[in-house]
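[1] give me coordinates for this.
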Amino acid sequence: MLYWYGYGLGAHPFTTPEAVRRQLTDNFRLFPVSGSCPGRVRTGDACDLLGGNPVRVESAAGDHLQIATLPGHDLGKGLHIRFTFTRSLGFHYLDVAAWQDRETDCTRQVLCGAASRAGAWALWQVLAQTLTVSAWAA
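    Next comes the predicted model:
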């Protein structure tokens, strides 16, 4: 596993984890690097994130969204990122896990890999803050 990060989304006692995931996939502009992706994404969709980084939606169902990088992505192809939404005692959480099929040029280099993980942490923090607010509309 390349990384696993957890973020609190605040108290949303009447919202399910599935509803928060749907809020994201039905309004993909909430995704901080949505680029030229459509406003709504579904399993099997492929599009370019910000910077022309191609991804495919591997799964958008239940409580999770999972994407995979495609050839031409800055981080290389075969990186999988899973966003899982959970709730406990009315509080919602976002867990983000990333792994790869095989090392990429970036993950093979210590500095690039570390910068990628740090950038991911900050980027998914922005997503968590956005979802903290938008979950009320879910």
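[2] neighbours of residue 44, just the number please.
    10 (other CB atoms under 10 Å). Heads up, the C-betas are built off the backbone N, CA and C, glycines and all.
[3] doesn't it lie inside a helix?
    No: per DSSP: H, G, I helix; E, B strand; the rest coil, residue 44 lies outside any helix segment and is coil.
[4] that one and residue 82, how far apart?
    16 Å (CB to CB, to the nearest Å).
[5] helices along this protein, start to end?
    Along the chain, the segments classed as helices by DSSP state H run 17-26, 105-108, 110-134.
[6] how far off centre is the first one?
    Shown here is helix 17-26, whose average C-alpha point lies 12 Å from the average C-alpha point of the whole chain (CA atoms, centre = their mean, to the nearest Å).
[7] for that helix, packing partners?
    With contacts defined as 3 or more CB pairs under 8 Å, 6 or more residues apart in numbering; DSSP states H and E, the packing partners of helix 17-26 are strand 64-69, strand 79-88, helix 110-134.
[8] direction-wise, compare the second one with helix 17-26 and give the angle.
    What that stands for is strand 79-88. Put simply, strand 79-88 runs at 140 degrees to helix 17-26, going by axes from the mean of the first three to the mean of the last three CA atoms, to 10 degrees.
[9] just checking: what are the partner strands of strand 79-88?
    strand 64-69 (antiparallel), strand 91-100 (antiparallel) (DSSP bridges).
[10] for residue 49, find the nearest of these.
    Proximity to residue 49 (CB to CB) singles out strand 64-69 among the strands paired with strand 79-88, at 8.6 Å.
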